[in-house]
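Novice: Requesting a structural model of the entry that follows:
(one chain, ligands or ions: 1)
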Amino acid sequence: MTNRVRKAIFPVGGMGTRFLPATKAMPKEMLPVVDRPLIQYAVDEARAAGIEQFIFVTGRGKSAIEDHFDRSIELEALLAAKGKSAELDDIHESLLQPGNIAYVRQQEPLGLGHAVWCARHLVGDEPFAVLLADDLIQAETPCLRQMVDVFDAAGGNVIAAMEVPDEHTSRYGIIDSGGADGRVRPVTGLVEKPAQGSAPSNLAVIGRYILTPEVFTELERRETGAGGEIQLTDAMAKLIGRQPFHGLAFEGRRFDCGDKLGFLEANVAFALERDDLGPGTREMLARIGDLSE
Ligand code: UTP
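Specialist: All right, here's what the predicted structure looks like:
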């Protein structure tokens with residue numbers, strides 16, 4: 001068994017109900033933040049972490065994602081003929097090597113755990129990453145890179161986590177780290193969406209995971225949890241105590257782009273960071289500020 005994290009799963013089979021009607025005919029993962037779709041950010045983050053094989057777990061109506069990572073010979077010829085070399089370079093950079101991208105279909109959206117399980121044969125017996133594209137992370141060192149560094153040093157399972165206020169703990173999977181603090185904490189328990197007031201900590205799991213293949217054995221049981229879905233958190237929780245398990249309080253800012261306000265905030269934050277759009281965005285925000293007074 002290789003001990004490098006070479007493969008990443010991108011579960012994109014969800015229905016995106018929080019973003020209707022935009023997501024009726026378009027996958028949530030194709031919503032653009034500034035000028036690239038969410039899924040492109042996740043793939044670029046995985047690439048920066050050394051991932052070589054990209055596994056998408058798709059569902060009905062998700063073919064735009066496949067097209068996005070495919071060659072578009074006509075478009076490329078048109079851009080070349082018009083001398084639009086910057087746009088052409090951008091398109092080429094977003095492509096993955098032939099054969100390094102695979103699609104597997106989740107026939108029914110039975111939950112994130114089920115989506116990950118659908119990729120089991122493509123992952124095989126090695127550690128792997130899972131990235132949820134609707135969790136967009138702005139960071140100097142890409143989040144998954146930070147996690148791979150922890151994995152290379154400590155092995156086992158690594159999950160990304162962030163502090164959330166008390167009133168938000170019921171929205172997330174929450175880590176119990178036995179009161180430990182620091183950037184890398186041992187995970188001694190995991191609770192999916194704990195009832196208000198019962199959370200073991202304020203450390204919320206977000207959509208980046210490095211997992212060992214043993215999680216597939218747990219997912220195989222197809223046990224349902226919160227919301228009647230097959231939850232990844234529940235399967236991970238079963239591995240605690242049997243394998244090293246770390247929560248990484250990553251450096252960076254996470255935006256929940258599956259939620260309308262989180263998505264708007266991400267657009268503004270990413271535009272502000274850009275040399276070409278930052279100054280214009282600042283002026284725009286000042287104008288909107290004036291209007292709202
Ligand atoms: P969400 O909980 O955000 O669900 O899934 P969703 O269906 O995408 O969106 P809402 O809540 O209805 O608006 C978290 C991640 O897990 C994937 C989603 O695509 C998303 O990346 N997922 C979820 C699947 O791939 N399959 C599922 O059955 C459920």
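
Novice: Could you pull out the strands in the protein for me?
Specialist: 7-11, 32-33, 36-37, 53-58, 101-105, 128-131, 135-138, 157-163, 173-176, 184-186, 189-192, 203-211, 245-249, 253-256 (DSSP state E).

Novice: Now do the fourth one: everything it contacts.
Specialist: The one in question is strand 53-58. Around strand 53-58, the neighbours that count as contacts under CB atoms under 8 Å, 6 or more residues apart in numbering are 6-13, 43, 46, 65-66, 96, 100-106, 115-116, 118-119, 122-123. Glycine gets a C-beta too; all of them are placed from N, C-alpha and C.

Novice: How about the third one?
Specialist: The contact list for strand 36-37, computed with CB under 8 Å, 6+ apart, reads 29-31, 68, 94.

Novice: Out of these, who's the most crowded?
Specialist: Using other CB atoms under 10 Å as the neighbour definition, the contacts of strand 36-37 reach their maximum at Glu29, which records 29 neighbours.

Novice: In the chain, what residue lies closest to the ligand?
Specialist: Shortest the chain-to-the ligand distance, computed as CB to the nearest ligand atom: residue-wise this is Gly14, at 2.2 Å.

Novice: Please verify my assumption that that residue contacts Thr23.
Specialist: No - in this structure, Gly14 sits apart from Thr23 without contact. The criterion is CB atoms under 8 Å, and the distance is 9.0 Å.

Novice: More neighbours: which of the two?
Specialist: Using other CB under 10 Å as the criterion, Gly14 and Thr23 rank with Gly14 on top: 22 against 19.

Novice: Where do the helices of the chain begin and end?
Specialist: Across the chain, reading from the start of the chain, the helices by DSSP state H fall at 38-48, 63-68, 73-81, 85-93, 112-117, 120-123, 143-154, 214-219, 232-239, 260-273, 278-292.

Novice: Ranking the ones you listed by mean neighbour count, which comes first?
Specialist: Each of these was assessed for mean neighbour count using mean count of other CB atoms under 10 Å. The highest is helix 112-117, with a mean of 25.

Novice: mind checking how far that one is from the chain centre?
Specialist: What separates the centre of helix 112-117 from the centre of its chain is 14 Å, taken as CA atoms, centre = their mean, to the nearest Å.

Novice: Now look at that helix and say if it contacts the ligand.
Specialist: Yes - using CB under 6 Å from any ligand atom, a contact is recorded between helix 112-117 and the ligand, made by 112, 114-115.

Novice: For Ser170, state which of those is nearest.
Specialist: Proximity of the residues of helix 112-117 next to the ligand to Ser170 (CB to CB) peaks at Leu112, which lies at 17.6 Å.

Novice: Now the closest one. Nearest residue, chain neighbours left out?
Specialist: Here the nearest residue to Leu112 in space, its sequence neighbours aside, is Leu232; by CB to CB, 6 or more residues apart in numbering that works out to 4.7 Å.

Novice: now for the helices of the chain, which one comes closest to Asp176?
Specialist: Among the helices of the chain, helix 232-239 sits nearest to Asp176 (CB to CB), with 9.7 Å.
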